[in-house]
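S.K.: predicted model and sequence below, questions to follow.
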Amino acid sequence: MTEPTRYSTQPVELPLRLELEPTPVEGCAGCAELANVRDRARTIGDMTTVSDCNVYMRRHPEGHQ
């Protein structure tokens, strides 16, 4: 086993990721529904759902090509 650190260490700096939100693919009902849910969630300030919709939309594109 390793010994625990007994002194202060510098904080870890993570990169800032400023990615644009995914856009729905034209003609895809799944993308359109996710975009609609995301828009409604943003209107009421539910940023957790906005983030979830972005993740689902990024993972969704299988079969669009």
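M.R.: On my side now, so go ahead.
S.K.: so what touches the lengthiest helix in the chain?
M.R.: Longest among the helix segments of the chain by residue count, using DSSP state H, is helix 29-44. Here helix 29-44 makes contact (Cβ atoms under 8 Å, 6 or more residues apart in numbering) with 21, 23-25, 47-50, 53-54, 56-57, 60. C-beta here means a position set from N, CA and C on the backbone, and glycine is covered the same way.
S.K.: flag the least confident of those residues.
M.R.: Taking these together, the minimum pLDDT is found at residue 60 (80).
S.K.: next one: the closest residue to that residue other than its chain neighbours from residue 22, what distance?
M.R.: In space, and not counting its chain neighbours, residue 60 is closest to residue 30: 5.8 Å by Cβ to Cβ, 6 or more residues apart in numbering. Distance check for residue 30 against residue 22: by Cβ to Cβ, to the nearest Å, it reads 12 Å.
S.K.: tell me which of these two has more neighbours.
M.R.: Under the neighbour definition other Cβ atoms under 10 Å, residue 30 and residue 22 were set side by side, and residue 22 has more, 19 against 15.
S.K.: just want the angle from the helix or strand of the chain with the lowest mean pLDDT to helix 29-44.
M.R.: Within the chain, no helix or strand scores below helix 47-59, which has a mean of 92 by mean pLDDT, DSSP states H and E. Helix 47-59 and helix 29-44 are oriented at 160 degrees to each other (axes from the mean of the first three to the mean of the last three Cα atoms, to 10 degrees).
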